[in-house]
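Peer 1: Structural data only, the sequence is not supplied:
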Ligand code: FAD
């Protein structure tokens, strides 16, 4: 069970230390240049916290969208419990309050020898240090029949935006008595509890509006994050509305036909959906591959103390694109890693030793709007690896009164306010 005491016991000094004003670097023309690619959880945090620690460094953030829509809380939107705009965040504070230069463009190439990033517009930016936080891309056709065109019929909604709106529209059009099929991927993937939170929240919508409908989760694995809590919560809140079919019970989908909304499993069972949500296999965002920092599996090996690439010097990679297990691919972790990379970059540019990092993560999931559960972890570096701190973290208790679950749902809302403000707003949290 998580208590404030055992959570804090696992936290190291670096995670708790306030942002310390650093000695001045060269200013103006001769100032160090950091380019950050990706204005999501990891990138926006890294850009902001470099400026907080060393305002004289020139920080340029490359992001194609004027507004970032978060995957966290997008499941509430799918369930009709939140307006889409409430999960959108702009870059005004980063620009005006912190002095980050935000360029609306897309990074296409990285030349690590020349230390330049080429943008879609043709512009080339030079850097002393580069941060990549591009999130994930999909292994199109890693699951037979599921490519970008198929995602327009059977959305993944695993990057928030048009795909999320499309899935919501389809759910609204689903007949009462129709089946919502969710195809869940094998590990590793963005947000381990995300598919199961989605199932629960969509169940709350179906129970209220289309009570004859069913949810079928076809899974490529036999175990998932907070499994016991999810299964018990679904049963309690929704009876038999949600059916989970694990790998060992022929849950692995091997073929998708998006036109007929059918899927085929490993052992030849066919399932037809009213709405089909396919979460496909994933890899690091393409620019990481282009920069030469990915491994054969498509993810980025990093040095844990700094989140600098193991393969290319002066390129730091944070967030979902990295191999940072046991840290999950979460927005909370991307934010925390962004701060560690920021501290390491500033220290390196100032000729100081990198601080010794530690991290904390809490993943809140909602089974219903007033039913929250959590998993928390604390991490540190030992023998060159990220490890979980013994005796810290844990999951919500299996037996808890409704009031406890309700409070966890309230904390989830507070967490969302805090993390989004820390990433795109004016809050400062070490
Ligand atoms: P992102 O936040 O995705 O940011 C990547 C950014 O990079 C994007 O803005 C993209 O436009 C930009 N980009 C990509 N390539 C380029 C390029 N070449 N040039 C310029 N820009 C580029 N996490 C939690 O902590 N808590 C939750 O409750 C939670 N719920 C979730 C629910 C769902 C349904 C899903 C799918 C995920 C959830 N997550 C949650 C996970 C969270 O969304 C991710 O872990 C987080 O977004 C990772 O941050 P990131 O910076 O790596 O990538």
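Peer 2: Okay, I see it. Keep in mind that what you see is a predicted model, and the values were worked out from it rather than measured.
Peer 1: so where is the stretch 301-430 of the chain shaky, pLDDT-wise?
Peer 2: Low-confidence regions of the stretch 301-430 of the chain, defined here as pLDDT under 70, cover residues 430.
Peer 1: tell me which parts of it are close to the ligand?
Peer 2: 319, 320, 321, 329, 330, 331, 332, 334, 363, 364 (C-beta under 6 Å from any ligand atom). Placement of C-beta: from N, CA and C, glycine included.
Peer 1: Which of those residues fall within helices?
Peer 2: Applying DSSP state H to those, the entries found in helices are 331, 332, 334.
Peer 1: Turn those into TSV, including distance to residue 297.
Peer 2: Compiled in TSV, those are given as follows (distance: C-beta to C-beta, whole Å):
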residue	distance to residue 297
331	22
332	23
334	19
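Peer 1: By neighbours, which of those wins?
Peer 2: residue 334 (30 neighbours; other C-beta atoms under 10 Å).
Peer 1: hmm, back to that, which pair of the residues of the stretch 301-430 of the chain next to the ligand spans the longest distance?
Peer 2: 321 and 364 (22.8 Å; C-beta to C-beta).
Peer 1: Name the residue in the two with the higher neighbour count.
Peer 2: residue 321 (32 against 23).
Peer 1: Quick check: the more buried one vs residue 344, distance?
Peer 2: Distance, residue 321 to residue 344, using C-beta to C-beta, to the nearest Å: 17 Å.
Peer 1: next one: residue 267
Peer 2: Counting by C-beta to C-beta, the gap from residue 267 to residue 344 is 48 Å.
Peer 1: Comparing the two, which residue is more hemmed in?
Peer 2: residue 344 (22 against 9).
Peer 1: which SSE is that one in?
Peer 2: In the assignment (DSSP states H and E), residue 344 maps to helix 331-349.
Peer 1: again with residue 93
Peer 2: Assessed by DSSP H and E, residue 93 sits inside helix 92-96.
Peer 1: For whatever helix or strand comes next after that helix, list every residue counted as buried.
Peer 2: Downstream of helix 92-96, the first helix or strand assigned by DSSP H and E is strand 101-103. Within strand 101-103, the residues that count as buried by 16 or more other C-beta atoms under 10 Å are 102, 103.
Peer 1: Please work out which residues outside strand 101-103 touch it.
Peer 2: With C-beta atoms under 8 Å, 6 or more residues apart in numbering as the test, strand 101-103 has contacts from 39, 58, 59, 60, 61, 62, 63, 91, 94, 95, 119, 123.
Peer 1: Give the pairing partners of it; include direction for each.
Peer 2: Partner strands for strand 101-103, per DSSP bridges, with pairing direction: strand 58-62 (parallel).
Peer 1: so how far is the strand it pairs with from its chain's centroid?
Peer 2: 21 Å (C-alpha atoms, centre = their mean, to the nearest Å).
Peer 1: okay, the angle between it and helix 331-349?
Peer 2: If you take axes from the mean of the first three to the mean of the last three C-alpha atoms, to 10 degrees, strand 58-62 sits at 150 degrees to helix 331-349.
Peer 1: Is there proximity between strand 58-62 and the ligand?
Peer 2: Yes. Using C-beta under 6 Å from any ligand atom, strand 58-62 reaches the ligand at residue 62.
Peer 1: Number of residues surrounding the closest residue to the ligand within the stretch 301-430 of the chain?
Peer 2: Closest approach between the stretch 301-430 of the chain and the ligand, counting by C-beta to the nearest ligand atom: residue 319, at 2.2 Å. Counted with other C-beta under 10 Å, residues neighbouring residue 319 total 33.
Peer 1: where does it sit relative to residue 148, distance-wise?
Peer 2: 22 Å.
Peer 1: On the three-state scheme, residue 197 is what?
Peer 2: Assigned with DSSP: H, G, I helix; E, B strand; the rest coil, residue 197 falls in the helix class.
Peer 1: Could you find the closest non-adjacent residue to it?
Peer 2: Leaving aside its chain neighbours, residue 197 sits nearest to residue 365 (4.1 Å; criterion: C-beta to C-beta, 6 or more residues apart in numbering).
Peer 1: Measure how buried that neighbour is and give me the count.
Peer 2: Close neighbours of residue 365, defined as other C-beta under 10 Å, add up to 28.
Peer 1: partner residues bridging it?
Peer 2: residue 373.
Peer 1: residues in contact with it?
Peer 2: Shown in contact with residue 365 (C-beta under 8 Å, 6+ apart): 193, 196, 197, 200, 226, 230, 372, 373, 374, 412.
Peer 1: same check, this time on residue 190
Peer 2: Contacts of residue 190 (C-beta under 8 Å, 6+ apart): 71, 135, 136, 158, 282, 320, 329.
Peer 1: what about the first one, which helix or strand?
Peer 2: If I follow you right, that is residue 71. Using DSSP H and E, no element contains residue 71; it sits outside every helix and strand.
Peer 1: Just the buried residues out of the contacts of residue 365, in PyMOL syntax.
Peer 2: Per 16+ other C-beta under 10 Å, the buried members of the contacts of residue 365 correspond to this PyMOL selection:
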select buried, resi 193+196+197+200+226+230+372+373+374+412
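Peer 1: Mind putting the contacts of residue 365 into a markdown table with distance to residue 296?
Peer 2: Listed next are the contacts of residue 365 as a markdown table, based on distance: C-beta to C-beta, whole Å:
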| residue | distance to residue 296 |
| --- | --- |
| 193 | 27 |
| 196 | 29 |
| 197 | 31 |
| 200 | 35 |
| 226 | 31 |
| 230 | 33 |
| 372 | 38 |
| 373 | 35 |
| 374 | 34 |
| 412 | 37 |
